[in-house]
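Chemist: below are the sequence and a predicted model; questions follow.
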Amino acid sequence: MTEEDHYRPEQTALCGCFNAPYNFLVNEKELGMDDKYAVVSLLICSVCGQVWLRYFYEIEAFTASGRWYLGAIQAEQAAFMTVEHAKAALESLDSYFYGGSYYGGQSGSSSGQIYLNP
C-alpha cells in the first residue's frame, strides 16, 4: 500500500465535500439493495477523492418517505463494504449527513441510529 492509498482526514476534511457533499460527489459503485429495500452505493469526491457511503430508503406507497444518508468512510472500509453492513457502518460514524422528502426537503447532519419507519 502506498502513502497515497492511506486515508488522511487532516487533508480531506478541508475539502468542501465535508460541508456540502452533493456538490462534489460522483457515483463510484452501486452495491445493491439491502433487506430493508434501501439502495446502497459508494460515491467519491471529485476534488479530494474522499469515499462516501450513501444509503437511500423510500417506501413508494408513503408520501414523503424518501430519505438518504451519506457518511465519509475510509477507502479500506469501502473495499469491503456490503449492503448488509452499510446501515450499521453509517450508524457507527461520528456523524453523517441526511436529507430527502422525509425531512421536508431539508438536510443536516446527525449521528447514531437511523430509523426507517415510514
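Modeler: Nice, I can see it.

Chemist: which phi and psi does residue 72 have?
Modeler: Residue 72 adopts backbone torsions of phi -80, psi 130, taken as degrees, to the nearest 10.

Chemist: could you pull out the buried residues of the longest strand seen in the chain?
Modeler: Criterion DSSP state E: the longest strand present in the chain is strand 25-33. By neighbour count, with 16 or more other CB atoms under 10 Å as the criterion, the buried positions of strand 25-33 are 25, 31. In short, each C-beta sits where N, CA and C put it, glycine included.

Chemist: any idea which helix or strand comes after it?
Modeler: Under the assignment DSSP states H and E, the closest C-terminal helix or strand after strand 25-33 is strand 39-45.

Chemist: the residue nearest to residue 23 when sequence neighbours are not counted: neighbouring residues, count only.
Modeler: The shortest distance from residue 23 to any residue other than its chain neighbours is 6.6 Å, reached at residue 16 (CB to CB, 6 or more residues apart in numbering). Other residues lying near residue 16 total 12 when counted by other CB atoms under 10 Å.

Chemist: my guess is residue 16 contacts residue 47, does it?
Modeler: Yes. With contact taken as CB atoms under 8 Å, residue 16 and residue 47 are classed as touching, separated by 6.9 Å.

Chemist: mutual contacts of the two, please.
Modeler: With contacts taken as CB atoms under 8 Å, 6 or more residues apart in numbering, residue 16 and residue 47 have residue 24 as neighbours in common.

Chemist: how close does the residue nearest in space to the middle of the chain get to residue 54?
Modeler: Note on the chain: the residue nearest the mean C-alpha position is residue 70, at 2.4 Å, using CA atoms, centre = their mean. Residue 70 sits 5 Å away from residue 54, going by CB to CB, to the nearest Å.

Chemist: joint contacts of those two?
Modeler: Residues touching both residue 70 and residue 54 (CB under 8 Å, 6+ apart) are residue 43.

Chemist: show me where the protein has its strands.
Modeler: When secondary structure is read from DSSP E, the chain shows strands at 25-33, 39-45, 51-57, 67-73, 96-99, 107-110.

Chemist: so what strands line up beside the last one?
Modeler: Translated: strand 107-110. According to DSSP bridges, the neighbouring strands of strand 107-110, each with its direction, are strand 96-99 (antiparallel).
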